[in-house]
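[1] Requesting a structural model of the entry that follows:
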Amino acid sequence: MELFASDPRFGKLRIINVYLEFDGPKIFYAENESGSTFFVYWVGDEEAFENWYVIPCSKSKIIAFEKKQLNLKTILEQQEQEYFYDVKLPFSSSEELIVDFKHRNKIAEIELPKENVFVKNIKIYAPSILENDLIPTHELIVSKTNKKSKKNVLLE
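    From the prediction side, this is the model:
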């Protein structure tokens with residue numbers, strides 16, 4: 001389990017699937033302890049900080065991106081919530097993490113990728129919390145149909 005960042009506003013973000021990696025993950029999806037999902041996009045580095053956009057994103061939109069139904073530009077521009085997190089992750093452990101809110105229209109402040117950029121490779125870093133959260137959707141009723149049978153039906 002690789003922890004990306006921790007802040008009371010979004011929780012402890014664990015890296016789940018990585019889409020682009022050089023000198024560490026640069027574009028990936030993360031989850032917090034309650035299973036909320038975030039699309040994380042590296043914006044660049046400053047002298048003392050790495051700059052990231054942490055975008056709240058539904059699991060269904062993440063899956064659509066992974067299945068190449070959505071491109072990278074769409075994920076960034078068509079956000080589901082009005083605000084996202086602008087995170088400055090310090091290189092030094094003596095520095096504090098800086099988190100600001102940005103309106104989704106501010107995504108245009110950075111150079112966005114072209115429309116034909118889709119995910120090419122998915123590297124799994126950790127299992128999703130949501131995969132263990134199975135919700136029953138059907139009820140199965142088993143009954144004995146042969147009245148002459150003396151034994152109950154066993155499902156093994």
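
[2] how close does the residue nearest in space to the middle of the chain sit to P90?
    Nearest residue to the geometric centre of the chain (CA atoms, centre = their mean): Y29, 3.1 Å. Y29 sits 23 Å away from P90, going by CB to CB, to the nearest Å. In this view, the C-beta of every residue, glycine as well, is placed from N, C-alpha and C.

[3] Check the gap between W52 and I27 for me.
    On the measure of CB to CB, W52 and I27 end up 10 Å apart.

[4] Need the overlap of contacts for those two.
    Shared contacts of W52 and I27, defined by CB atoms under 8 Å, 6 or more residues apart in numbering, are found at V40, Y41, W42.

[5] Once you drop chain neighbours, what's closest to the last one?
    With CB to CB, 6 or more residues apart in numbering as the measure, K26 is the residue that lies nearest to W42, at 4.1 Å, once sequence neighbours are left out.

[6] Out of the shared contacts of W52 and I27, flag the one nearest to V117.
    Ranked by distance to V117 (CB to CB), the shared contacts of W52 and I27 are led by Y41 at 11.9 Å.

[7] wouldn't that closest one be in contact with I55 here?
    Yes: at 6.9 Å, Y41 counts as touching I55 under the criterion of CB atoms under 8 Å.

[8] Common neighbours of these two, please.
    With CB under 8 Å, 6+ apart, Y41 and I55 have common neighbours L76.

[9] Stretch 114-123: end-to-end distance?
    22 Å (CA to CA, to the nearest Å).

[10] Any buried residues in it, and which?
    For stretch 114-123, burial by neighbour count (16 or more other CB atoms under 10 Å) applies to F118, V119.

[11] List the buried residues for the longest helix along the chain?
    In the chain, assigned by DSSP state H, the helix with the most residues is helix 59-66. For helix 59-66, a neighbour-count test (16+ other CB under 10 Å) marks K61, I62, F65 as buried.

[12] can I get the CA coordinates of the next helix or strand after it in PDB?
    Next along the chain after helix 59-66, taking DSSP states H and E as the criterion, comes helix 72-77. Extracted in PDB, the C-alpha atoms of helix 72-77 (Å, rounded to 0.1, in the frame of the first residue of the first chain):
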ATOM      1  CA  LEU A  72      -7.500  12.200 -20.400                       C
ATOM      2  CA  LYS A  73      -8.700  15.600 -21.400                       C
ATOM      3  CA  THR A  74     -12.300  14.700 -20.700                       C
ATOM      4  CA  ILE A  75     -11.400  13.400 -17.200                       C
ATOM      5  CA  LEU A  76      -9.700  16.700 -16.400                       C
ATOM      6  CA  GLU A  77     -12.200  19.100 -18.000                       C
END
